[in-house]
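Engineer: what follows is a protein structure lacking sequence information:
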């Protein structure tokens, strides 16, 4: 009651407040459009939002998320559609909703801030900034009661102590920037020493029982896996081979993968790869297809190539967009808001679709009997092989295979009637990664399906998102969305480079060179790389090297491409940029795997 009175008193003393309106209704971004009917008066990110905050003396509230994010939907339902919370946000803050897939540089900057000040970060990402754009405090999902209390406390403190809060925000950012800029020269290490350092650090955090890295939730860590596969190819190691095999088998056989339709989920919430966070991202399919293609080659496992083949078939069949590229993602929640609802099966549902005998076979083949079901039912995983079932039942493997094909078709027909929300943005960078995967698959199999998919993606990027002078970030509903960032130039250049190896067309090589030159011109400076060439916030400065995340470090991708180009000026720039990143790459090879790989490819000191 006291807090409510205080807020009312502040409002009365402050005088009339500018009434804001929600700007997101019918936005071409599906994520922003889904917030278009919230009572929160969401503003689009841009100079106008910053100017409004300065003019009104209000804190900026930036909420960043993405369409397929489960907890983003939860917080919208609980808080952003709550009239009391909306009234506080609209009255005392400038609320800004951001699609992280359109404003990747801003999102990465705010994620980094929250990780360094709170110890962890994720989505929905909610950050409060001073009217001048200095980050003040950030948080992820909060239940509505705690979120409302946080808003009230923060506004009260801002009204009483705004000078101190401004100074705190400036000092915090300054310290973070000073920490980032402390780069010392280090002695170059030889190739064998670099390789051993990567192996040592990777194995120190490897889960040798379940595969993958860490002991909580499990992410594919595709940039690191590719670096380790390259290391295994260059310097075979039995311990590394066993760990890679364990990890790849777990990712392909357990809950990370959709065993009915194909494709991979983004990550699992448990350390045993059992329970996925059910969103399917285009970049996940592209990168894991490349990982399994490379693993088939390095580890001599044809079944890994089949995993890649299956994944790419899934993309070409189900993620094709209407504008020439591939859509961004499938949501973690179904049309009713149930997480994983599209992918789960109760025993009663199985009986209704399959009958008793085929239900029994499906439960053995997809292991839907020995594991406890999730809230919505069983998730198919790899179960008994056809050979094992044949031995136990006396049936032939051929007959069982025919039954499994029929069961799969019936289950997918029913699943196709379930509502799966789709983010239909077609993003430049992610389609660049997809182009690379399709091009490499077309070279391996000489398959018209993959060759046509690669050509389609190349044409989409070249004809729809490249205007001869710059890239666009995305298309949605035939409308251009956002400005391209460093990662778009890096990933599109990478995809075009791989496609040029397939097409042997000099036009494709010319485009790769143009993208590389523009990337260096727009995003590289004396202190390193910047994600955005026109940053709106203080602190969006240059970094000597970018760490690997869910996506490859774009700076490392560009360095490696430039180092192998035919342009002497690009080669020279690549050498200088690789050397600038040396401290981080040598100190933390696992977390800077792309830059570490670049050092291995550069001329270095003799072996010691």
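Structural biologist: That came in fine, so what should we check first? Being a predicted model, the structure only gives us computed values, none of them experimental.

Engineer: residue 541: neighbour count?
Structural biologist: Neighbour count of residue 541, defined by other Cβ atoms under 10 Å: 15. C-beta: built from backbone N, CA, C; applies to glycine.

Engineer: wait, a strand at it?
Structural biologist: No - secondary structure of residue 541 (DSSP: H, G, I helix; E, B strand; the rest coil): coil, not part of a strand.

Engineer: surely it touches residue 531?
Structural biologist: No - contact between residue 541 and residue 531 fails when scored by Cβ atoms under 8 Å: they sit 10.1 Å apart.

Engineer: can you pull the contacts of the residue nearest to residue 547 when sequence neighbours are not counted?
Structural biologist: Nearest non-adjacent residue to residue 547, counting by Cβ to Cβ, 6 or more residues apart in numbering: residue 591, 5.0 Å away. Listed by Cβ atoms under 8 Å, 6 or more residues apart in numbering, the contact set of residue 591 reads 547, 548, 584.

Engineer: state whether residue 591 is indeed within a strand.
Structural biologist: No - under three-state DSSP, residue 591 sits outside any strand and is assigned coil.

Engineer: what's the spacing between it and residue 265?
Structural biologist: Separation of residue 591 from residue 265 (Cβ to Cβ, to the nearest Å): 23 Å.

Engineer: give me the buried positions along the top helix by length along the chain.
Structural biologist: In the chain, with assignment by DSSP state H, the single longest helix is helix 144-181. By 16 or more other Cβ atoms under 10 Å, the buried positions in helix 144-181 come out as 144, 147-148, 151-152, 154-155, 158-159, 165-166, 169, 172-173, 176, 180.

Engineer: and the next element down the chain from it?
Structural biologist: helix 191-204 (DSSP states H and E).

Engineer: thinking again about what came up before, need the contacts of residue 591 in CSV with secondary structure and neighbour count, can you?
Structural biologist: Below are the contacts of residue 591 laid out as CSV (DSSP: H, G, I helix; E, B strand; the rest coil; neighbours: other Cβ atoms under 10 Å):
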residue, secondary structure, neighbour count
547, coil, 18
548, coil, 22
584, helix, 21
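
Engineer: tell me where the stretch 251-400 of the chain has helices.
Structural biologist: Remark: helices assigned in the stretch 251-400 of the chain by DSSP state H, counting those that start in this stretch are 282-299, 302-318, 347-365, 386-393, 397-415.

Engineer: circling back to that earlier point, need the contacts of residue 591 in CSV (columns: pLDDT).
Structural biologist: Shown next, in CSV, are the contacts of residue 591 (pLDDT from 0 to 100):
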residue, pLDDT
547, 93
548, 93
584, 93
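
Engineer: closest one of those residues to residue 203?
Structural biologist: residue 548 (17.0 Å; Cβ to Cβ).

Engineer: find the nearest non-adjacent residue to that closest one, please.
Structural biologist: residue 223 is the one closest to residue 548 (Cβ to Cβ, 6+ apart), at 4.1 Å.

Engineer: again, but for residue 365
Structural biologist: For residue 365, the spatially nearest residue (Cβ to Cβ, 6+ apart) is residue 383, at 5.2 Å.

Engineer: distance of that neighbour from residue 571?
Structural biologist: Residue 383 is 52 Å from residue 571, where distance means Cβ to Cβ.

Engineer: do residue 122 as well
Structural biologist: As judged by Cβ to Cβ, residue 122 and residue 571 stand 39 Å apart.

Engineer: circling back: can you list the helices of the stretch 251-400 of the chain in CSV and add distance to residue 76, mean neighbour count and mean pLDDT?
Structural biologist: Output for the helices of the stretch 251-400 of the chain, formatted as CSV (distance: least, Cβ to Cβ, whole Å; neighbours: other Cβ atoms under 10 Å; pLDDT from 0 to 100):
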stretch, distance to residue 76, mean neighbour count, mean pLDDT
helix 282-299, 23, 24, 98
helix 302-318, 26, 19, 97
helix 347-365, 28, 16, 96
helix 386-393, 44, 14, 96
helix 397-415, 26, 14, 97
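
Engineer: the residue nearest to residue 548: what's it in contact with?
Structural biologist: Here residue 223 is in contact with 287, 548, 551, 552, 553, 593, 594 (criterion: Cβ under 8 Å, 6+ apart).

Engineer: make it 6 Å
Structural biologist: If you count contacts by Cβ atoms under 6 Å, 6 or more residues apart in numbering, residue 223 has them with 548, 552, 593, 594.

Engineer: next one: residue 523
Structural biologist: 486, 529, 530, 533.

Engineer: nearest to residue 237, of those residues?
Structural biologist: Nearest member of those to residue 237, counting by Cβ to Cβ, is residue 529, at 31.9 Å.

Engineer: now that closest one: closest residue in space, sequence neighbours ignored.
Structural biologist: Here the residue nearest residue 529, using Cβ to Cβ, 6+ apart, is residue 555, at 4.3 Å.

Engineer: what residues of the helix or strand where that neighbour lies count as buried?
Structural biologist: For residue 555, the host element (DSSP H and E) is helix 554-563. Judged by neighbour count using 16+ other Cβ under 10 Å, the buried positions of helix 554-563 are 554, 555, 556, 557, 558, 559, 560, 561, 562, 563.

Engineer: dump these to TSV, plus distance to residue 469.
Structural biologist: As requested, the buried residues of helix 554-563 are arranged in TSV below (distance: Cβ to Cβ, whole Å):
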residue	distance to residue 469
554	20
555	22
556	25
557	21
558	18
559	23
560	25
561	20
562	20
563	25
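
Engineer: just checking, residue 367 touches residue 383?
Structural biologist: Yes - if you go by Cβ atoms under 6 Å, residue 367 and residue 383 touch, sitting 3.3 Å apart.

Engineer: and the residue of the chain most remote from its centre, how close does it get to residue 400?
Structural biologist: The centre of the chain is farthest from one residue, residue 394, which by Cα atoms, centre = their mean lies 45.9 Å away. Residue 394 is 11 Å from residue 400, where distance means Cβ to Cβ.
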